[in-house]
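In: Got a sequence here, can you build the structure:
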Amino acid sequence: MDRRAAESSARTIDAAGVSLSHGFGGLLPLLGYLPWVILIPVVAFFLLKDGKAFRRNILLTLPRGRLRGRGAEVFEDINDTLAAYMRAALLACLLVGGLCTIGFVLIDVPYALLFGVVAGLLEFIPLVGPLVVAVGATLVASFHSVGQAVVVLVFLGILRIAQDYVIYPRLIGCGIHMHPLAVILAILCGAELAGVAAPAGVDGRSFAALLHGRAPAGGKWRTDFLVEHWTADEGGIPPYSALRSDSHLYVEYPEEERELYDLRADPYELHNVHAAADPSLRERLSRRLAALKACAGATCRDE
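Out: Modelled structure (predicted):
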């Protein structure tokens, strides 16, 4: 009896040792992410604490005048966009958490409040968060009845479709001033990269061909693009429209003021050469700018 007990204990210890070695072996690849877990909060803390100083120092590296003004404008746009995105994300988390809690209570899922709170928190994690909630809630519901588990899956599926294609695009669109359709198209850009043709009303071109190392459809690729600034900030840059190519930047302001920069000789756009430029060049750039402002849809893509 003692020998059997000793053999059984030895087998148990050996099995536990093998399980622990496999477990630690699976955890070893995760240790590579440990530096990021430590670094990201530290970097976030300093960005929040000294963000204004970083912004000021970066702007001081830019030349005085128009270029520094544009840099400040870019920083403001980035700050406003990120703030709007975070507000929309937080609101989406609260909304999903509330709807999940109400739905789970009505379906009579055990721990409905807990699952609702977890659903709201994990909404920050795309794909993985909602999947974890769906698996957990379905498993718990299946212990009571298969029918309840099916109802939970149907409820979460409908909620996910409404959240991804109706609610979230509108939340993002309100804060970032994008049409909900534009948000949906941005979410589906992965499918576009797989080869879906651009809608006829879209002005721009897909970069999918370049990313895959292929020539664009039709063999043509535009070598210039349109830049438009619509709002006039107090003490800042007035509205303008501009044409940028590989060699020139041409800018038109409403008050007949014009700017022209030779990007090859003056890549930092410090010297306005509009007055001294060849009249034929100025005329060509002005016509091209007018054409880009007037085009729409497929006519903007190649020509």
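In: switch to C-alpha atoms for all contacts and neighbour counts from now on
Out: Noted.
In: The chain: helices as residue ranges?
Out: 2-27, 34-60, 66-107, 112-122, 128-142, 146-162, 168-176, 180-187, 189-193, 208-211, 279-294 (DSSP state H).
In: now those in CSV, with mean pLDDT and mean neighbour count?
Out: Conversion of the helices of the chain to CSV gives the following (pLDDT from 0 to 100; neighbours: other CA atoms under 10 Å):
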stretch, mean pLDDT, mean neighbour count
helix 2-27, 55, 11
helix 34-60, 80, 11
helix 66-107, 85, 17
helix 112-122, 91, 20
helix 128-142, 89, 17
helix 146-162, 91, 15
helix 168-176, 72, 20
helix 180-187, 59, 15
helix 189-193, 54, 14
helix 208-211, 68, 13
helix 279-294, 91, 15
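In: Among those, which comes closest to D266?
Out: helix 66-107 (12.7 Å; CA to CA).
In: wait, what's in contact with T138?
Out: Going by CA atoms under 8 Å, 6 or more residues apart in numbering, T138 touches A149, V150, V152, L153.
In: swap that for V96, sorry
Out: G116, A119, G120, E123, Q163.
In: just G120 next, same as before
Out: Contacts of G120 by CA under 8 Å, 6+ apart are C93, L94, L95, V96, G97, G98.
In: Please identify which of the helices of the chain is closest to D262.
Out: helix 279-294 (11.3 Å).
In: so how far is the closest one from its chain's centroid?
Out: 34 Å (CA atoms, centre = their mean, to the nearest Å).
In: what does stretch 98-112 give?
Out: Here stretch 98-112 is found 31 Å from its chain centre; the criterion is CA atoms, centre = their mean.
In: Stretch 253-269 now?
Out: On CA atoms, centre = their mean, the centre of stretch 253-269 falls 31 Å from that of its chain.
In: can I have that stretch written out in CSV, keeping just the CAs?
Out: This file holds the C-alpha atoms of stretch 253-269, laid out as CSV (Å, rounded to 0.1, in the frame of the first residue of the first chain):
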residue,chain,number,x,y,z
TYR,A,253,-5.9,83.2,-51.5
PRO,A,254,-9.3,84.9,-51.8
GLU,A,255,-7.8,88.4,-51.9
GLU,A,256,-5.9,87.7,-55.1
GLU,A,257,-2.7,87.0,-53.2
ARG,A,258,-0.6,84.2,-54.7
GLU,A,259,2.3,82.1,-53.5
LEU,A,260,4.6,79.9,-55.6
TYR,A,261,7.4,77.7,-54.2
ASP,A,262,10.0,75.7,-56.1
LEU,A,263,10.2,72.6,-54.0
ARG,A,264,13.3,71.3,-55.6
ALA,A,265,15.3,74.5,-54.9
ASP,A,266,13.4,75.5,-51.8
PRO,A,267,12.0,72.3,-50.1
TYR,A,268,11.2,74.2,-46.9
GLU,A,269,9.0,76.7,-48.8
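In: In that stretch, which residues are buried?
Out: Within stretch 253-269, the residues that qualify as buried are R258, E259, L260, Y261, D262, L263, E269, counting by 16 or more other CA atoms under 10 Å.
In: Can I get the residues you listed in CSV including distance to K52 and pLDDT?
Out: Listed next are the buried residues of stretch 253-269 as CSV, based on distance: CA to CA, whole Å; pLDDT from 0 to 100:
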residue, distance to K52, pLDDT
R258, 33, 92
E259, 31, 93
L260, 33, 94
Y261, 31, 95
D262, 33, 94
L263, 31, 92
E269, 26, 89
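In: nearest to A277, of those residues?
Out: L260 (8.1 Å).
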